[in-house]
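A.B. asks: Generate coordinates for the sequence data below:
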Amino acid sequence: MSKQPIALVTGAAQGIGYACAEALAEDGAKLILADINAEGVAAAAEKLGGGAVGMTCDMGDAAQINAMFDTIEAEHGDVEILVNNAGIAMPGDFLETSIESFQKVIDVNLTGTFVALQRAAKTMVAKNIEGAIVNMSSVNAVVAIPSIPAYCASKGGVMQLTKATALALAPHNIRVNAVGPGSIDTEMMAGVNANPEAMKMVMSRTPLKRIGEPRDIGDAVAFLASNKAKYITGETIYIDGGRIGMNYTC
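C.D. replies: Numbering: from 1, shown residues only. Down below sits the predicted model:
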């Protein structure tokens with residue numbers, strides 16, 4: 001990996017994605033931020049400074065993802081760190097969930113992760129880049145919430161995709177890992193934060209008794225992308241305040 005590696009973070013306009021970019025920048029990476037929110041990602045890049053670049057991309061559209069990589073390679077250089085963070089949930093009653101909404105979640109969260117991962121890896125292999133890829137899974141890869149079946153399925157898929165691609169890319173010294181957030185203080189948690197009963201339920205399943213911060217995830221991602229994690233591949237680290245290990249609620 002070069003002295004100032006290019007790091008691409010998807011879904012980086014705010015929240016966890018921005019926190020990942022911030023942590024990577026502090027470790028010396030040159031940042032490319034991607035998001036479907038053009039105005040938001042431009043503002044995020046400006047706020048981050050240090051030459052960070054904002055790009056608009058729908059991570060549910062394979063053609064846009066591949067075109068984004070073409071542009072990055074032509075104008076900035078090869079991606080050495082990829083953080084596949086972009087994701088959507090689209091909650092609703094399971095019996096009323098349409099195939100269109102289910103597929104949209106899969107397209108962004110799982111298929112988009114695959115497309116970006118494969119595209120980044122092809123250049124890494126072709127140019128002998130010993131890169132690092134970090135995917136965003138979730139505690140919902142292994143536990144579940146009935147109102148977000150597509151999200152749960154997609155994040156379980158990301159966990160398995162991480163394992164499979166880590167094995168495929170290990171001969172090229174390209175590492176692939178994932179992070180599985182629990183309850184983190186982002187827009188996705190806004191409704192829970194505003195509802196005392198919902199927050200009580202979340203705290204009942206969180207041994208550390210607090211909501212996580214985006215930077216809790218960003219720091220874990222930066223670690224997995226760094227040489228400090230050079231013997232770690234195929235793993236999913238759960239950043240959840242102890243939730244997965246808990247077998248009761250109170």
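A.B. asks: any idea which helix is longest in the protein?
C.D. replies: If you go by DSSP state H, the chain has its longest helix at helix 149-169.
A.B. asks: What's the local residue count around Tyr231?
C.D. replies: 7 (other C-beta atoms under 10 Å). For glycine as for every other residue, the C-beta is placed from the backbone atoms N, C-alpha and C.
A.B. asks: Am I right that it is in a strand?
C.D. replies: No. Under DSSP: H, G, I helix; E, B strand; the rest coil, Tyr231 sits outside any strand and is assigned coil.
A.B. asks: on that earlier part again, would you mark the buried spots in the longest helix of the chain?
C.D. replies: 149-159, 161-163, 165-166, 169 (16 or more other C-beta atoms under 10 Å).
A.B. asks: So what does Phe114 have for phi and psi?
C.D. replies: Dihedral pair for Phe114: phi -60, psi -50, per degrees, to the nearest 10.
A.B. asks: how about Thr111, what does it touch?
C.D. replies: Gly60, Ala62 (C-beta atoms under 8 Å, 6 or more residues apart in numbering).
A.B. asks: quick one: the helices in the chain?
C.D. replies: Under DSSP H, the chain gives helices at 15-26, 38-48, 62-75, 99-106, 112-126, 149-169, 190-193, 196-204, 214-225.
A.B. asks: Rebuild these as JSON lines, extending it with mean pLDDT and distance to Ile232.
C.D. replies: Formatted as JSON lines, the helices of the chain follow (pLDDT from 0 to 100; distance: least, C-beta to C-beta, whole Å):
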{"stretch": "helix 15-26", "mean pLDDT": "98", "distance to Ile232": "17"}
{"stretch": "helix 38-48", "mean pLDDT": "98", "distance to Ile232": "26"}
{"stretch": "helix 62-75", "mean pLDDT": "98", "distance to Ile232": "25"}
{"stretch": "helix 99-106", "mean pLDDT": "98", "distance to Ile232": "27"}
{"stretch": "helix 112-126", "mean pLDDT": "98", "distance to Ile232": "17"}
{"stretch": "helix 149-169", "mean pLDDT": "98", "distance to Ile232": "9"}
{"stretch": "helix 190-193", "mean pLDDT": "67", "distance to Ile232": "31"}
{"stretch": "helix 196-204", "mean pLDDT": "83", "distance to Ile232": "29"}
{"stretch": "helix 214-225", "mean pLDDT": "98", "distance to Ile232": "7"}
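A.B. asks: Can you lay out the ones you listed as TSV showing distance to Ala89?
C.D. replies: Below are the helices of the chain laid out as TSV (distance: least, C-beta to C-beta, whole Å):
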stretch	distance to Ala89
helix 15-26	13
helix 38-48	18
helix 62-75	20
helix 99-106	7
helix 112-126	14
helix 149-169	5
helix 190-193	11
helix 196-204	15
helix 214-225	16
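A.B. asks: Could you say which one of these comes nearest to Asp240?
C.D. replies: helix 214-225 (9.7 Å; C-beta to C-beta).
A.B. asks: which residues are in contact with the closest one?
C.D. replies: Against helix 214-225 from outside (C-beta under 8 Å, 6+ apart): 7, 15-16, 18-24, 26-27, 29, 81, 83, 85, 132, 134, 175, 177, 179, 181, 184-186, 229, 232, 237, 239.
A.B. asks: coming back round to it: between the longest helix of the chain and helix 99-106, how big is the angle?
C.D. replies: Relative orientation of helix 149-169 versus helix 99-106 (axes from the mean of the first three to the mean of the last three C-alpha atoms, to 10 degrees): 40 degrees.
A.B. asks: what's the offset of helix 149-169 from the middle of its chain?
C.D. replies: 12 Å (C-alpha atoms, centre = their mean, to the nearest Å).
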